[in-house]
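>>> what's the 3D shape of this:
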Amino acid sequence: MTLTYSSVPRPAAARPPRPPVLRALLSVLTALAALSALLLSAPGTLAAPAAADDRAAGPGAGAGAIPYAGTIEQVSGFGTNPGALTMYRYTPPGLPSGRPVVVVLHGCTQTAPDYGTRSGWLQLADRWGFSVVLPGQTTLNNLNRCFNWFLTGDITRGRGEAESIRQMADRQLADTGGDRSRVYVTGLSAGGGMTAVMTAAYPDRFAGGGVVAGLPYGCAQAAGSPYVCMYVGATQTPDQWGDRVRAAAPAGYTGPWPRMTVVQGTADTTVRPVNMTDLVAQWTDVHGTDRTPDATDTVAGQPHHVYRNAGGTTVVDTYTINGMGHGQPVAPGTGPQQCGSTGPYLLDVGLCAAHWIGTGWGLDRA
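Next comes the predicted model:
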């Protein structure tokens, strides 16, 4: 199987062109962000980039790849695509109609097929029976392929990259006869920031979000800079955080709100752990509950906190990975709780984030 990593040409009227000076500044800033992430990650946590053949880990793929039963497909014509993104998808062979759809958003410098494979989501799609949408960022939008979670024009309902991702999910639902009440979104780092965007701007479309080493919705605007948000956090009360989500949602929308799962390493110096605290404040406020965990336990030796609403339903939960730097937790292997493989920002800590996010959404149940 061969994948072509060419970008979909930007539609002429996709979005107002940015001034050359602004485009240059954004490219420099994103380059600095990627360099910072590489320099500040915990020593020994980054593996060599995946070989080209391993990025498409279909049946019989090379060493180091995770085999999966079907084929990653690139899709065009999924909508007006105002964010000028690319769309990939994975549908397990023989998947019946009425199954869930999971949107999986890569981090900076990563590619959609490689992240979808190595994070374990395609492995779980075969195991549990759901389809996966893999939005891809392009260097035309962002020099280091970061989703633009910090730009107002890309995080507003009906506009930019957020609207392109929504259109991809709708295309997959239509093509597979998927369950519209069971559409979920997850992502790493910038993809985690965009996960918060999708759950805030489209709470009527997504039943749950899984933010891995990401940021709360509106954090860059609240902090005055994406870098202040990443490294310091924003000074907001829980009500102010919640108000940002309520303002992003459709006018008059009062719920239901997506369930939110947050995964964060304590040694992350690229997206500081304060962002997990702020995500909890934001989404517990949206759900109308407090910030005191209703249950605590350990998963693969790591702390897990659960926040429930007045009806006893889990609305927010967190996984804190002690000593982990910036990246997606994986647990390579074929055991029932194992998934994923190592790579840049894909870190073997004995806990596969995709598995635990997915079980929280009930994907492991028929």
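>>> Just the buried residues of stretch 329-342, please?
Neighbour-count burial for stretch 329-342, with 16 or more other Cβ atoms under 10 Å as criterion, is recorded at 329-332, 338-342. (Each C-beta comes from the backbone N, C-alpha and C, glycine too.)
>>> export these to CSV and tack on distance to Thr199, secondary structure and pLDDT?
Putting the buried residues of stretch 329-342 into CSV (distance: Cβ to Cβ, whole Å; DSSP: H, G, I helix; E, B strand; the rest coil; pLDDT from 0 to 100) gives the following:
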residue, distance to Thr199, secondary structure, pLDDT
Pro329, 20, strand, 98
Val330, 23, strand, 98
Ala331, 25, strand, 97
Pro332, 29, coil, 96
Gln338, 27, coil, 97
Cys339, 23, strand, 97
Gly340, 23, coil, 97
Ser341, 27, coil, 97
Thr342, 28, coil, 96
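>>> Tabulate the residues you listed (TSV), appending distance to Arg182.
Below are the buried residues of stretch 329-342 laid out as TSV (distance: Cβ to Cβ, whole Å):
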residue	distance to Arg182
Pro329	24
Val330	24
Ala331	25
Pro332	27
Gln338	24
Cys339	19
Gly340	22
Ser341	26
Thr342	30
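>>> And Ala162, how close does it get to Phe78?
14 Å (Cβ to Cβ, to the nearest Å).
>>> Looking at the two, which is more packed in?
Higher neighbour count among Ala162 and Phe78: Ala162, with 26 against 22, using other Cβ atoms under 10 Å.
>>> quick one: the more buried one and Gln137, what's the gap?
Plainly put, Ala162 is 13 Å away from Gln137 if you go by Cβ to Cβ.
>>> do the same with Val299
Counting by Cβ to Cβ, the gap from Val299 to Gln137 is 30 Å.
>>> And for Val183?
Taken as Cβ to Cβ, the span from Val183 to Gln137 is 20 Å.
>>> more crowded one of those two?
Each of Val183 and Gln137 has its neighbours counted (other Cβ under 10 Å); Gln137 has more, 29 against 25.
>>> So what's the residue count around the residue lying closest to the more buried one once chain neighbours are set aside?
Sequence neighbours aside, Arg145 is the residue nearest to Gln137 in space, at 4.3 Å (criterion: Cβ to Cβ, 6 or more residues apart in numbering). When neighbours are defined as other Cβ under 10 Å, Arg145 has 22 of them.
>>> so who does Arg145 touch?
Contacts for Arg145 (Cβ atoms under 8 Å, 6 or more residues apart in numbering) come out as 106, 108-111, 136-139.
>>> so where do the helices sit in the stretch 51-200 of the chain?
112-118, 121-124, 160-176, 190-201 (DSSP state H, counting those that start in this stretch).
>>> again with the stretch 251-366 of the chain
Secondary structure of the stretch 251-366 of the chain (DSSP H, counting those that start in this stretch): helices located at 274-287, 353-360.
>>> quick one, which of those helices is nearest to Ala251?
Checking those against Ala251 by Cβ to Cβ gives helix 274-287 as the closest, at 16.0 Å.
>>> Helix 190-201 and the closest one, what's the angle between them?
10 degrees (axes from the mean of the first three to the mean of the last three Cα atoms, to 10 degrees).
>>> quick check: mean pLDDT across helix 274-287?
Helix 274-287 comes out with an average pLDDT of 98.
>>> again with stretch 221-229
Mean pLDDT, stretch 221-229: 97.
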